[in-house]
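Participant: Task: produce atomic coordinates for the following.
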Amino acid sequence: MTVAIEAARAQASQERSQEVAQNELELRFEQVVAVLRDLNIEELWEAAEEKERRVLLEELLEWVTVYPDHLEVTVAGAPPLTVLYSEVGLKEAEIVRVGEGT
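Facilitator: Below is the predicted model:
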């Protein structure tokens, strides 16, 4: 009986520790959400140096697919966005075929 009581106490203690850890994780997540909610990305981008901008892009973008008439940008955790070249100050892509005469 004593062994069973000690096992129950150990399990209860472990569950409390897991609950505390979960609560801390949830609190930190909410803090991150608050920072991101109030983040002015345009201001951040303007203040960032080239190296910092690259880190921002690498962390936020999952994939960029280039098509002849548009880009498809996949932002982390969101559906793909279709972006026209003119929207980002680019000219339409030129299609170059290998093996054609000049």
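
Participant: what ranges do the helices span in this protein?
Facilitator: 2-38, 41-47, 50-60 (DSSP state H).

Participant: Give me the distance from the longest one to the chain's centre.
Facilitator: The gap between the average C-alpha position of helix 2-38 and the chain average comes to 25 Å, counting by C-alpha atoms, centre = their mean, to the nearest Å.

Participant: same check, this time on the shortest one
Facilitator: Between the centre of helix 41-47 and the centre of its host chain there is 17 Å, according to C-alpha atoms, centre = their mean.

Participant: So which elements touch that helix?
Facilitator: With contacts taken as 3 or more C-beta pairs under 8 Å, 6 or more residues apart in numbering; DSSP states H and E, helix 41-47 sits against helix 50-60. (Glycine included, C-beta is placed from N, CA and C.)

Participant: quick one: contacts of the helix it packs on?
Facilitator: By C-beta atoms under 8 Å, 6 or more residues apart in numbering, the list of residues contacting helix 50-60 from outside reads 44-45, 48, 75-76.

Participant: rerun that using 10 Å as the cut-off
Facilitator: Outside helix 50-60, the residues that touch it by C-beta atoms under 10 Å, 6 or more residues apart in numbering are 41, 44-49, 64, 73, 75-78.

Participant: rewinding a little: of all the helices of the chain, which one comes closest to Val83?
Facilitator: helix 50-60 (13.8 Å; C-beta to C-beta).
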